[in-house]
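1. Quick one, structure for this:
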Amino acid sequence: MAPAPPPDLVVAESVDALVDDVAAQIRRVAAAAVAAHGRFRVALAGGSTPRALYPRLIQGVDWTRADVFFGDERAVPPDDPQSNYRMARETLLAPAQVPAENVFRWQTEAADLDAAAYVATLQRLADQVRAADAPADGATLAHDLPATWTVRAGTERLTVSTAPIVDALTTTTPESSWAAIRTAAVARIDALREEASPLARAGVPPPSHLRGALADVLAAPEFRGRQRYAGLMAFVDRVRRWLRSWLPEARQGAAAAVPILRYATWVIAAIAFVLLVWLTWRVLRGASRDTAAARPRPARGADPVDARTWAVRARAAFAAGDAREAVRCAYHAVLHRLDEEGAWTIAEARTPREYMRLLPPADRRQPAVSFVARLFEGAWYGGAEPGIDDARQAVHHLRDLGCDAQADPAI
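-> From the prediction side, this is the model:
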């Protein structure tokens, strides 16, 4: 199997520039598909970035030759404010006058199934497929299936597409027999049923060893603040749902009390806001203490690996022809050298770009630091393979930055 090509990483200066570039690529790919095949297919998504993108696609695309699908959808009606389809319809499909027969959306308004009914439906469908004697019977079963099933599992609502089953029942080749097609379709249905079976056993606790392992993980100091934050958000969500359920009933039962209710709502909101600020302060302060206690920073000079040691390692790796290791060691030499000079304090969670932002643009060290940091970022995060010439320049910059000098313990 041939290795996958390296990703084409494009860094845009702003969200608008990113959206313009993506829109231009979609127009180009769509035009090429129409020229080659007469049609093109596109899967739309939800979110703030697609919302900004879709108005730019109204012009320049032949939507009469498009088949529009949706990569994901929320289990809400199509006119719900959270519906991805509604957002796409308002920002692209309606303004561009995309024909309705060209749009294939998730049928999220279909009746819900509980988990047990969903498993029973899959079992019944598998039995029907096993009993089918000819491809025509399979095609009839596929035609009768809804586009999606909406399954309730506890408080969650899951949307499950029937497309894999339909494809298994209707895709035929001259070499395939109906027995083979039927076997493949049953196997696919059984796989879905096996995945869904745990959902039908609501209330069955996980094994004790898993509960113990999870408890050990959540007991670690770095999770204490986050647990309090999650509890705070759950409390705020319960208050919000209680207000939404109580206020409409109160308004219906006492229309004359609307001004009083409005005043009471503002009072409750103010109290909730003050409580939220106080609890947030407590959570953040506790998280800071927990993190500091969990990972105390060693005193300056306690780290035996200083800039000079890293520089020696970088030159040794370069001499051995290992460009990737040379770049890594050069990057750490730069970090330790500027830490020794007081330009920043080394932090494990800080990225190369965050380090570069700590250095003023006018600083004389900026070009050398920027070169080494970007080279390290491309090699260790972007999948790029540095060349030996890149490693040579990185090692050369170590001398310019003074990484060969002995660290001053008094700094």
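
2. Check which helix or strand A191 maps to.
-> helix 178-200 (DSSP states H and E).

3. elements contacting that helix?
-> With contacts defined as 3 or more C-beta pairs under 8 Å, 6 or more residues apart in numbering; DSSP states H and E, helix 178-200 has these neighbours: helix 115-131, helix 135-144, strand 148-153, helix 163-170. Glycine gets a C-beta too; all of them are placed from N, C-alpha and C.

4. So which residues make contact with the last one?
-> What it means is helix 163-170. For helix 163-170, contacts defined as C-beta atoms under 8 Å, 6 or more residues apart in numbering pick out 125, 129, 138-139, 141-142, 145, 147, 181, 184-185, 188-189, 192.

5. Run through the helices of the stretch 201-350 of the chain in chain order.
-> Taking DSSP state H, counting those that start in this stretch as the test, the helices found in the stretch 201-350 of the chain are 208-218, 221-253, 258-294, 307-319, 323-340.

6. quick one: the residue most central in space within the chain and V61, what's the gap?
-> In the chain, the residue lying closest to the centroid (C-alpha atoms, centre = their mean) is G47, at 11.3 Å. Per C-beta to C-beta, to the nearest Å, G47 is found 20 Å from V61.

7. same thing with V34?
-> 9 Å.

8. So these two - more neighbours on which side?
-> V61 (21 against 16; other C-beta atoms under 10 Å).

9. Report the spatially closest residue to that one, excluding sequence-adjacent ones.
-> A30 (5.3 Å; C-beta to C-beta, 6 or more residues apart in numbering).

10. before we move on, what about R337?
-> Nearest non-adjacent residue to R337 (C-beta to C-beta, 6+ apart): A307, at 3.7 Å.

11. Give me the three-state assignment for A96.
-> coil (DSSP: H, G, I helix; E, B strand; the rest coil).

12. What count of nearby residues applies to it?
-> By other C-beta under 10 Å, the burial measure for A96, its neighbour count, is 18.

13. I'd guessed it sits against R56; true?
-> No - at 10.9 Å, A96 does not count as touching R56 under the criterion of C-beta atoms under 8 Å.

14. So which residues of the stretch 1-150 of the chain form strands?
-> Taking DSSP state E, counting those that start in this stretch, the strands of the stretch 1-150 of the chain run over residues 40-44, 66-70, 112-114, 148-153.

15. Go through those and pick out the most buried.
-> Mean neighbour count (mean count of other C-beta atoms under 10 Å) peaks for strand 148-153 among the strands of the stretch 1-150 of the chain, with a mean of 19.

16. What residues of the helix or strand just after that strand count as buried?
-> Downstream of strand 148-153, the first helix or strand assigned by DSSP H and E is strand 156-161. Under the neighbour-count criterion of 16 or more other C-beta atoms under 10 Å, strand 156-161 has L158, T159, V160 buried.

17. Residue ranges in the stretch 101-250 of the chain under the pLDDT threshold?
-> Within the stretch 101-250 of the chain, the ranges that satisfy pLDDT under 70 run 109-111, 154-155, 200-231, 246-250.

18. That concludes my questions; thank you for your assistance.
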